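K.L.:
Mind looking at a prediction? Sequence and model below.
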Amino acid sequence: MKKYLIVFLISMVPLIELRGAIPYAVGFGLPIVPSIIVSVIGNMLPVPFIFLFARRILEWGKDKKYIGKFFTWCLEKGEKGGRKLEEKAGRGLYVALLLFVGIPLVRGHPAAGHGRLDRHPRRQHPGHGLQEKRPVRPPGRPPRRRDHAPGVARPVRRHRLPPIVTNNCITMTLKRIILWSASLLLAANCLTGCLAGAKGIFKDITRTDPDGHKLHAVYAPAKDPATAQGTAIVVHGYTDNHLVFMYLVRMYRDEFNYNVMVPDLQYFGYSEGEAAQMGWLDRLDVEDWAAVAHDIFKDDFTVVHGVSMGAATAMMMSGDDLPSYIRAFVEDCGYSSAWDQFAHNLKDSFHLPPFPILNSASIVSKHRYGWGFKEASSVNQLAKCDRPMLFIHGTEDDFVPVDHVFKNYAAKTHGYKELVLVPGAVHANSYAKDPKNYTWRVKYFLDRIQSGEIK
């Protein structure tokens, strides 16, 4: 219940909202559907109160001695935002408000919608190059008195915006000023509590690679160090860092009683580097981190568990000459090679063939960084791997398509291998899709290695 309350409070924080609350829930192993429901409720709850009463409060306080200037500024900002929305949206005012205010998954916080829609689409503003269309005077009605000089274009009268527009913009302004400080305070308290729980558990460690880059990692002992079952090296994916896959850290440490080390790969997190290495040179860094972890924890069983690019790193590492304490690998949605992955991205995003773009880029990478795209191959390394490996992939993965795992699985011809397909899971989503089954499959795989059933 406490974790759901934290998810509820995080979802109220502007900018963080659902994009922060849902990953938090997944990271702590909460079921995804109830977590989404709680997040949406928390995201929407403050809106009706601010929307219905904000303008009345501001109108009341705009003439007061100390708060008048601030309240007037909020009203003016709401009107200004409404004018902008009206100019852009035209007849679509209420549709736009429905999409950008009523549906929080479309754009951030429901109180963050803003803009303006025109109740009078025929009426144009000066500078648009069009004059307003005047109504036809009924027979028998006297002409209206001119309030402007003959020959001068009739001035455009600015109409009062619909209350829903200005109220929405006022909601946006107050939400980001008043609720911002309160909700950030709540989030800070939650974060402080989380960090306090982790105090004394996670430790930072740095080392320098042969090229002079400072590399960073964090490590933590098992929940019960005296009965630790082994050590897990968790390897993150592209653009990620050691914080992103804390759900795996929790799984290994709290549920499996493993020591854990999570490195930041070169160019990511707190580690230095000139560019992403797509797993090829990263494998050498992870091998060094595994040696560091072995020196710290002094055990003889290490599993390397990677996700996405981290999974490719684990597979590329598996074909090297490794120390005996590295006993198993778990790869989750890794690609078959850097070339295959880039070719898919190039076709999927830009509808372009690999030649000549990838060929040229691979030559540049080889010259500048010392490795080519085809050289960075999981398939080639898996052909030399003789240690147990668990392959996991989501059937709906369209970023690293599921055919990559079939190619990787077929390439490993020595030693034990096992394939788990997670129905409906997209990229790097297998744990979130079915955390209980994911945890059980990994634990069952490792327990059989520990017992000597598989080698």
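P.N.:
Yep, that arrived.
K.L.:
how distant is stretch 365-374 from the center of its chain?
P.N.:
29 Å (CA atoms, centre = their mean, to the nearest Å).
K.L.:
I'd like the average pLDDT over that stretch.
P.N.:
Averaged across stretch 365-374, pLDDT comes to 94.
K.L.:
measure it end to end?
P.N.:
One end of stretch 365-374 to the other measures 11 Å (CA to CA, to the nearest Å).
K.L.:
Pull out the buried residues from that stretch.
P.N.:
Across stretch 365-374, burial judged by 16 or more other CB atoms under 10 Å covers Ser365, Tyr369, Trp371, Gly372, Phe373. Yep, even glycine has a C-beta here, placed from its N, CA and C like the rest.
K.L.:
The fourth one and Ser360 touch, don't they?
P.N.:
In other words, Gly372. No. Using CB atoms under 8 Å as the test, Gly372 is too far from Ser360 to be in contact (11.4 Å).
K.L.:
before we move on, the earlier item: which two of the buried residues of stretch 365-374 have the greatest separation?
P.N.:
Maximum pairwise distance in these, criterion CB to CB, is 10.9 Å, between Tyr369 and Phe373.
K.L.:
So what's the model's average confidence on stretch 211-226?
P.N.:
95.
K.L.:
Quick check: buried residues in that stretch?
P.N.:
Residues Leu215, His216, Ala217, Val218, Tyr219, Ala220, Pro221, Ala222, Lys223 are the ones in stretch 211-226 that count as buried (16+ other CB under 10 Å).
K.L.:
the strands in the stretch 251-400 of the chain, which residues?
P.N.:
For the stretch 251-400 of the chain, the strands defined by DSSP state E, counting those that start in this stretch occupy 259-263, 302-307, 326-332, 389-394.
K.L.:
quick one, which of those strands is nearest to Pro31?
P.N.:
Short answer: strand 389-394, nearest of the strands of the stretch 251-400 of the chain by CB to CB, at 17.7 Å.
K.L.:
need the next SSE after that closest one, C-terminal direction.
P.N.:
Following strand 389-394 in sequence order, the next helix or strand is helix 403-411 (DSSP states H and E).
K.L.:
That next one versus strand 389-394: what angle between them?
P.N.:
If you take axes from the mean of the first three to the mean of the last three CA atoms, to 10 degrees, helix 403-411 sits at 160 degrees to strand 389-394.
K.L.:
Packing partners of helix 403-411?
P.N.:
helix 338-350, helix 378-382, strand 389-394, strand 417-422 (3 or more CB pairs under 8 Å, 6 or more residues apart in numbering; DSSP states H and E).
K.L.:
and the second one, C-alpha only, in PDB?
P.N.:
This points to helix 378-382. Provided in PDB are the C-alpha atoms of helix 378-382 (Å, rounded to 0.1, in the frame of the first residue of the first chain):
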ATOM      1  CA  SER A 378      26.800 -11.600 -31.100                       C
ATOM      2  CA  VAL A 379      26.300 -14.500 -33.600                       C
ATOM      3  CA  ASN A 380      30.000 -14.900 -34.200                       C
ATOM      4  CA  GLN A 381      30.800 -14.800 -30.400                       C
ATOM      5  CA  LEU A 382      28.000 -17.200 -29.500                       C
END
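K.L.:
Pull the residues that contact that helix.
P.N.:
Under the criterion CB atoms under 8 Å, 6 or more residues apart in numbering, residues 279, 312, 315-320, 334-337, 389, 407-408, 411-412 lie in contact with helix 378-382.
K.L.:
domains for the protein, by residue range?
P.N.:
1-125+162-199, 202-337+376-451 (automatic domain parsing).
K.L.:
Can you flag the weakest of those by average pLDDT?
P.N.:
Per-stretch mean pLDDT for the domains of the chain is lowest at domain 1-125+162-199 (a mean of 63).
K.L.:
Pull the distance from stretch 304-311 to the chain's centre.
P.N.:
Centroid separation between stretch 304-311 and its chain, computed with CA atoms, centre = their mean, is 17 Å.
K.L.:
Just the residues contacting that stretch, thanks.
P.N.:
Defining contact as CB under 8 Å, 6+ apart, one finds that stretch 304-311 is touched by 232-238, 240, 245, 248, 252, 265, 276, 278-279, 282, 286, 290, 312-315, 317-318, 326, 328-335, 400, 427-428, 442.
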